[in-house]
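K.L.:
from the sequence below, what's the structure:
(one chain, ligands or ions: 1)
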Amino acid sequence: MKKRLVPLFLLGCTFSLTAQNMTVETQFARPLSDVLKEISTRFNVTLKYDIDTVGKVLPYADFRIRPYSAEESLTNVLAYFDYKFVKQDEKTYKLKSYEYPRRTDEDGEKMLAYLHTLYKDQASWEARKAILRAEVRQKLGIDPILKQKVNTKPVLSKVRKFDGYTVQNIALETLPGLYVCGSIYTPAKKGKHPLIICPNGHFGDGRYRKDQQQRMATLARMGAVCVDYDLFGWGESALQVGGAAHRSSAAHIMQAVNGLSLLDYMLTRKDIDPTRIGANGGSGGGSQVVLLTALDDRFTAAAPVVSLASHFDGGCPCESGMPVTLAGGGTNNAELMAMFAPQPLLVVSDGKDWTASVPTLEYPYLQRIYGFYKATDKVSNVHLPKEGHDFGPNKRNAVYDFFAQAFNLDKKMEDESKVTIEPESALLSFGNKGELMPAHAIRSFNDVAAYFDKKLYSQLKSDAGLEKKAADWVATLQLENEKDAGFVRTLIYNHLRQVRDWHNEHPYSTVPEGINPSTGNKLSKLDREMIADSAMPKEVHEKLMNGLRRVLTEEQVEQILDKYTVGKVAFTLKGYQAIVPDLTAEEEATILGHLKEAREKAIDYKNMKQISAIFEIYKTKCEQYLNNNGRNWRQLFKDYVNKRNAEKAAQKK
Ligand code: ZN
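P.N.:
Now for the predicted structure:
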């Protein structure tokens, strides 16, 4: 009655090679996992895996092992699969996927040494800078977006008065219907003030967090107008485009558009001194400082904090989603920041993240460029070797000192204890639930993506669909704790995305044509698709299940799995109950067990056809079980069909 699909996917598609067939004809190929085991034994090192080795076969395997060096061997072996290693200690290496924005200190050193050869004085550096200026814009793809920019009046909140400063929220329309939301901190004192544009990084609670408010307000008390604003897809921007938009290349472009748009608007204010314009941000906000100052020469002082490095561009798509560092035939954030010479620049670094290299690599490099202008005194580095990746008091103090000097601020007013920390709701322009958003405001990804190119559009649309699916599923659980709900949403969204991406990157054509060994039939397209999908690293599944079980009850976990599989467990069980009217409790429990196994397997497959095929495998198991339990499944099924037909015929009469 039904085709039997052998669980071929359980076999995977690995194969083994013996010493006899290690010849040039087989390209001396060996499974990657074997080669790594050998390196581990031979060099007595521990290899920690963050990579997938399933089904990966390495040609010329043993020739890649260099007996004098574990690291050279690893490089030779891993590069073939776009993997790399990170040394954790003398005897331990972590194997990871290649990340284009994250390189090594050695790479930074070599790159800076190379860049040094490109210019020897101010004139040759200016020539290089002109190329970078043009190509950064082009690689970022910002000009086609800026062409669509609107120039409407911002939505401004009431001004809130505090000790020595005021705060006002702003929602500024950038592209039609799209807003950037932020807050303007202004000194209480009247007069012309310098302006500091403060893009935000990825610290928890975004721009609403305490240390952010402390910094904005303190700089305002000292005499500078400060503007901070949400990351694209964070804070109020999430109301418009959803959180998934942040992990798109559009975020890279839009965050630059947002910073420049706010600068344009602020310069229309009569209390701003256009000769004193600063940029300051930490982490991802520091990456934005580099980009903003490279794009626009109206900035006159800059302070990237725990961000700048020659070997790391920022790992988020909002920092490296567009190939900006391919400008000028290859560049990095240190060189892009050097374009700011000879204007005042402070680089804040620490000992516990990638900026640990600043005192020995990036700072000397910057000093050389500043030297072309006889302005080495204009670039400074505050390095905090014992500190980590945050915007803590010592980093803020460095920023206060720097801007006090650069913009002639009032140091006497530097006192964070005078700052009022407002609740997040006070800093919103559109209300707690977005109820004050203008009527024409965009409320979906798709409308934003329309400003970008088609390819991006389809990716954004797909991500948005998965994000909504995850949100809808989690909503049915009616979780009381919003933090848990958010965690589960992200967990499911990431899983759905990984399943989709694996499916799209491993089409059926990657599995050779062949036969199903248990039927002898040629593998169908669906069989091959399922074999390809079944090779997805098991960590993807485990991460989801462990996460779900950590915050949900078992019943809630089952509810989510039922969402993935559109209630197939209950539906199929009902079928068995109808076909076997005297199904015993024990039989029912066994069948339910099989169906639940099917359900958990099926969630890692992308489409309904595949999910059904998984259930078919387990239905076969259920029917074999019934037969072994003294039932005649074939007969039971036939009786059921006859009974249904008779009922239908009776109804017609
Ligand atoms: Zn980001």
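
K.L.:
make it CA atoms for all contacts and neighbour counts henceforth
P.N.:
Fine.

K.L.:
hmm, V379 and Q367 touching each other?
P.N.:
Yes - taking contacts as C-alpha atoms under 8 Å, Q367 lies within contact range of V379: 6.7 Å.

K.L.:
quick one, grab the pLDDT at the residue lying closest to A70 once chain neighbours are set aside.
P.N.:
Spatial nearest neighbour of A70, excluding adjacent residues (C-alpha to C-alpha, 6 or more residues apart in numbering): F43 at 6.0 Å. Per-residue pLDDT puts F43 at 96.

K.L.:
same deal with Y451?
P.N.:
The model reports Y451 with a pLDDT of 88.

K.L.:
now it: how far from S462?
P.N.:
Using C-alpha to C-alpha, to the nearest Å, Y451 is found at 16 Å from S462.

K.L.:
and for A338?
P.N.:
In this view, A338 and S462 are 39 Å apart by C-alpha to C-alpha.

K.L.:
where does the chain dip in pLDDT?
P.N.:
By pLDDT under 70, the low-scoring segments of the chain are 1-21, 454-457.

K.L.:
spatially central residue in it, please.
P.N.:
For the chain, the residue nearest the mean C-alpha position is R247 (4.8 Å; C-alpha atoms, centre = their mean).

K.L.:
dihedrals phi and psi, it?
P.N.:
Backbone torsions for R247, taken as degrees, to the nearest 10, come to phi -90, psi 30.

K.L.:
quick check: the gap between it and E319.
P.N.:
From R247 to E319 the distance is 10 Å (C-alpha to C-alpha).

K.L.:
for the residue of the stretch 1-150 of the chain found nearest the ion, what are phi and psi?
P.N.:
Residue of the stretch 1-150 of the chain nearest the ion, by C-alpha to the ion: P101 (12.8 Å). With angles defined as degrees, to the nearest 10, P101 sits at phi -80, psi -20.

K.L.:
for the closest residue to it other than its chain neighbours, grab the count of nearby residues.
P.N.:
Using C-alpha to C-alpha, 6+ apart and skipping the chain neighbours, the partner closest in space to P101 is D313 (5.0 Å). Residues near D313, counting by other C-alpha atoms under 10 Å, number 24.

K.L.:
check contacts around D313.
P.N.:
Residues counted as contacts of D313 (C-alpha atoms under 8 Å, 6 or more residues apart in numbering) are 101-102, 287, 319-320, 325, 332-333.

K.L.:
which residues does L112 contact?
P.N.:
Residues in contact with L112 (C-alpha under 8 Å, 6+ apart) are 310, 361, 365.

K.L.:
please save the CA atoms from the helix or strand harbouring it in PDB.
P.N.:
When elements are defined using DSSP states H and E, L112 is found to belong to helix 105-116. The C-alpha coordinates for helix 105-116 follow below in PDB (Å, rounded to 0.1, in the frame of the first residue of the first chain):
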ATOM      1  CA  ASP A 105      47.100  39.600  14.900                       C
ATOM      2  CA  GLU A 106      49.800  38.300  12.500                       C
ATOM      3  CA  ASP A 107      47.600  39.200   9.600                       C
ATOM      4  CA  GLY A 108      47.100  42.700  11.000                       C
ATOM      5  CA  GLU A 109      50.800  43.100  11.300                       C
ATOM      6  CA  LYS A 110      51.500  41.900   7.800                       C
ATOM      7  CA  MET A 111      48.700  44.100   6.400                       C
ATOM      8  CA  LEU A 112      49.900  47.200   8.100                       C
ATOM      9  CA  ALA A 113      53.500  46.500   7.000                       C
ATOM     10  CA  TYR A 114      52.200  46.200   3.400                       C
ATOM     11  CA  LEU A 115      50.100  49.400   3.800                       C
ATOM     12  CA  HIS A 116      53.200  51.300   5.000                       C
END
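
K.L.:
list the buried residues in the following helix or strand past that helix.
P.N.:
Along the chain past helix 105-116, the next helix or strand (assigned with DSSP H and E) turns out to be helix 122-140. Buried residues in helix 122-140, counted by 16 or more other C-alpha atoms under 10 Å: 125, 128-129, 132-133, 135-140.

K.L.:
for the ion, what are the nearby residues on the stretch 251-400 of the chain?
P.N.:
By C-alpha under 5 Å from the ion, the residues of the stretch 251-400 of the chain that approach the ion are 316, 318.

K.L.:
strands of the stretch 251-400 of the chain, residue ranges please.
P.N.:
Listed in chain order, the strands of the stretch 251-400 of the chain (DSSP state E, counting those that start in this stretch) span 272-282, 301-305, 345-350, 379-384.

K.L.:
doesn't G431 belong to a strand?
P.N.:
No - G431 is assigned coil when assessed by DSSP: H, G, I helix; E, B strand; the rest coil, not a strand.

K.L.:
quick one, what contacts it?
P.N.:
G431 neighbours (C-alpha under 8 Å, 6+ apart): 425, 437.

K.L.:
when you give positions from now on, start the count at 54
P.N.:
Fine by me, first position is 54 from now on; the one you just mentioned is G484.

K.L.:
that one and the ion, how far apart?
P.N.:
24 Å (C-alpha to the ion, to the nearest Å).

K.L.:
how about E669?
P.N.:
43 Å.

K.L.:
again, but for L679
P.N.:
In terms of C-alpha to the ion, L679 sits 55 Å off from the ion.

K.L.:
what's the helix or strand for that residue?
P.N.:
Assigning secondary structure by DSSP H and E places L679 in helix 661-681.

K.L.:
show me what secondary structure element comes after that helix.
P.N.:
On the C-terminal side of helix 661-681, the nearest following helix or strand under DSSP H and E is helix 686-705.

K.L.:
give me phi/psi at L605?
P.N.:
Phi and psi for L605, reported as degrees, to the nearest 10, are phi -110, psi 160.

K.L.:
what residues does it make contact with?
P.N.:
Residues near L605 by C-alpha under 8 Å, 6+ apart: none.

K.L.:
pick out whichever of Q420 and V432 has more residues nearby.
P.N.:
Ranked by neighbour count (other C-alpha under 10 Å), Q420 and V432 place V432 first, with 24 against 21.

K.L.:
ok, now how distant is the closest residue to the more buried one other than its chain neighbours from the ion?
P.N.:
Leaving aside its sequence neighbours, V432 sits nearest to L398 (C-alpha to C-alpha, 6+ apart; 4.8 Å). Applying C-alpha to the ion, the value for L398 to the ion is 23 Å.

K.L.:
correct me if wrong: L398 contacts V435.
P.N.:
No - with contact taken as C-alpha under 8 Å, L398 and V435 are classed as non-touching, separated by 11.0 Å.

K.L.:
circling back: measure the residue nearest to A123 to Q341 for me?
P.N.:
Distance, F96 to Q341, using C-alpha to C-alpha: 43 Å.

K.L.:
so for the two, which sits in the more crowded spot?
P.N.:
Q341 (28 against 15).

K.L.:
how many residues are close by the residue nearest to the more buried one when sequence neighbours are not counted?
P.N.:
Among residues not flanking Q341 along the chain, P252 sits closest, at 6.5 Å (C-alpha to C-alpha, 6+ apart). When counting by other C-alpha under 10 Å, one arrives at 28 neighbours for P252.
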